[in-house]
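**Q** Sequence and predicted structure below; questions after.
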Amino acid sequence: MSTGAAANSVILDEQDRAEPEWRGVAAEEVDELSAHTGARLAARSRRLLRSLIRPHRGKALAMIALVVVEQASFMIGPLLVAYGIDSAVPALVRGDGWPLTVAVGGYLVAGVVNAATRAAFVRVTAVLAQAMLLDIRGRVFDHSQELSVSFHEKYTSGRVIARMTSDLDTLQDLAAEGLDSLISGILSVGVISVVLLVLDPPLGLIALAAGIPIALCTKWFQKVSRTIYRRSRRVVAALIVQFTETMNGLRAVKSFRREARNRAIFGALNTDYARANGDGYVVIAKYSPGIHLIGNVTLTVVMLVGALRVMDGAIAVGVLAAFLLYVRRMYDPLEELAMFYNAFQSASAALEKISGLLEEQATVPEPATPQPIGEIAGEVTFSGVEFSYTPGVPVLHELNLTIPAGQTVAIVGATGAGKSTVAKLLARFYDPTEGTVLLDGVDVSQLSTADLRRGVVMVTQESFLFSGPVADNIAIGRPSATRAEIEAAADAVGAGAFIRALPEGFDTDVHKRGGRLSAGQRQLVAFARAFLADPAVLILDEATASLDIPSERAVQAALGRVLHGRTAVIIAHRLSTVEIADRVLVMADGRIVEDGPPRDLIARGGTFADVHAAWRASLV
Ligand SMILES: Nc1ncnc2c1ncn2[C@@H]1O[C@H](COP(=O)(O)OP(=O)(O)O)[C@@H](O)[C@H]1O
Ligand SMILES: [Mg+2]
């Protein structure tokens, strides 16, 4: 997160006030949104929408049928009024009550049909919308979880959360109200226009002429509100990203006293968000009364011209009454439609971003037909491996390495030498740019995920614990494990004693009060998890770095047991760990520069011998 520019921005003009603040916070969100034209849905959004509707085609058709009947029963009202005034009332005066019975009965039936179809429509729409939202929420979660580590390194957790929260909320809003107003709005405007022109073309044209100023006002409204709305979408995404980053990095925030800076950034975003939303209402406050005014002026003109036409005998009084009723009914949904323009904008942008996330491909996909491997011995081979995170910036160069099954290898080297990268390639967080990584002679990219996780387990410094009992956290290593096996695993790594001392022992919730574990304790739980998983190859990437010396000693003692009978790759910055290794690899700038048993390397003299001598000296 870059904040350098933000610190210098004191006074900026209205438009840019918060921009530099969150430019750094969510630059990618902003770029993604700017790329979206909003005018029409991109192909991927349409694909997503189709796939969401497909399983519910029946309901979607029912919804359309219902809204058509509902609108028809609503539209017939003014026609019945016209019939009543022009035919039924005069007939009644003549002593024939039948036409009035038809008009009144028809109106009543239309009213009942309208109420019934309305109820059914709202229900079907809600069911359909919730089914689609259920589906898409599940898909976003599953897919985000499936995507490779490399994706999540670029697409921060804040952005995934924004997809899951604000974007899905927008779709929810649209589903709840927008869909209804869209369909009824378009239908009523279309049907009423036709009916008016058929009833009396001259008066119909006058009524429809109001469409011109309304169209102009709506165009203005859309233009202004789109700008405001986009600003608010950008800011809300940045707001979420900023919030999650602060919470995720709370320790760094505290230790560097960054609260004030964060408060300033968040405060600016928060203010800008409120301002954008406020501006949105200001625009509505101009637009909505404007449309009402045009509607009322139109009504007056129609009444005036209509009265003259009635006088001329061109139309009957009832037709004029129908006109007045129709004109009223036409402009209300129009206004509503315009109001929902933002909801459609939001929804299409949200759909765009969600479909973008859903169409991301895992960079390390499970092969369609994995190669069976059976019992895994644990021989590891890197054959001509080259790797770069960023194209053109190689991190590993032409790496050739064979680790026989059962060997304990320590990798040492300066920070940035590429040690963790070797570990991540072996665990297949990434695939090599060139060459292959083999487990028992099988390319790891050809293994099923299940075989790969059975074969290779990596423990890193950031041992993550999930909410829930300690026992469950250990059982992640092997979900089928019994309680006895879980406890045995904890004992094997020397974690049993402290776990039993917790308020509820193995049943203590690791995130509840009293269950909170220290970094070292979390690490021991992670070791127990790995031990229980019983992989053929175990990778420890600086896994003991957060342990204090006594805990590290305890792990050290347990390590013999943990590593027994399996291949181990230990990346350690404390040389004490190296003592138990059969072999040491010294890495520098993405290459292995020394390779051999620790004794030989010391005897030969070289980087490792120097470092080792210095370490020895520090001990006395
Ligand atoms: N996710 C990443 N994206 C881009 N570059 C990375 C990433 N992870 C590591 N690097 C770069 O790769 C090089 C090797 O990193 P790493 O394997 O983590 O080193 P070590 O574990 O030896 O400290 C470093 O120059 C580092 O900056
Ligand atoms: Mg590292």
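**A** Perfect, I can see it now. Ligands and ions are numbered 1, 2, ... in the order given.
**Q** next one: phi and psi at the closest residue to ligand 1 within the stretch 1-150 of the chain?
**A** Closest approach between the stretch 1-150 of the chain and ligand 1, counting by C-beta to the nearest ligand atom: Ser150, at 7.2 Å. For the C-beta atoms, the positions are set from N, CA and C on the backbone; glycine is no exception. The phi/psi pair for Ser150 (degrees, to the nearest 10) reads phi -60, psi -40.
**Q** quick one: contacts for the nearest residue to it once chain neighbours are set aside?
**A** Nearest residue to Ser150 in three dimensions, chain neighbours excluded: Thr363, at 5.1 Å (C-beta to C-beta, 6 or more residues apart in numbering). With contacts defined as C-beta atoms under 8 Å, 6 or more residues apart in numbering, Thr363 is in contact with Ser148, Ser150, Phe151, Tyr430, Asp431.
**Q** since we're on the residue of the stretch 1-150 of the chain closest to ligand 1, how many residues are nearby?
**A** 16 (other C-beta atoms under 10 Å).
**Q** Provide a list of residues in contact with it.
**A** Thr363, Val364, Tyr389, Phe429, Tyr430 are the contacts of Ser150 under C-beta under 8 Å, 6+ apart.
**Q** can you do 10 Å?
**A** Ala362, Thr363, Val364, Tyr389, Lys424, Phe429, Tyr430, Asp431 (C-beta atoms under 10 Å, 6 or more residues apart in numbering).
**Q** Now stretch 261-280: buried residues?
**A** Neighbour counts over stretch 261-280 (16 or more other C-beta atoms under 10 Å) mark Asn262, Ile265, Phe266, Ala268, Leu269, Asn270, Asp272, Tyr273, Arg275, Ala276, Asp279, Gly280 as buried.
**Q** In the contacts of Ser150, find the pair that's most separated.
**A** Spatially, the most separated pair among the contacts of Ser150 is Ala362 and Tyr389, at 16.5 Å (C-beta to C-beta).
**Q** Ile486 - how many residues pack around it?
**A** If you count neighbours by other C-beta under 10 Å, Ile486 ends up with 24.
**Q** Remind me which helix or strand Leu351 belongs to.
**A** Following DSSP states H and E, the helix or strand that holds Leu351 is helix 341-358.
**Q** Please identify the helix or strand for Ser73.
**A** With DSSP H and E as criterion, Ser73 is part of helix 57-83.
**Q** Need the residues that contact the following helix or strand past that helix.
**A** Using DSSP H and E, the helix or strand that directly follows helix 57-83 along the chain is helix 89-94. Under the criterion C-beta under 10 Å, 6+ apart, residues 83-84, 96-103, 316-318 lie in contact with helix 89-94.
**Q** Low-confidence bits of the chain, can you list those?
**A** Filtered on pLDDT under 70, the chain yields the residue ranges 1-41, 513-515, 619-620.
**Q** residue boundaries of the strands in it?
**A** According to DSSP state E, the chain carries its strands in the segments 380-390, 393-403, 408-413, 434-439, 442-443, 456-459, 537-541, 567-571, 583-588, 591-596.
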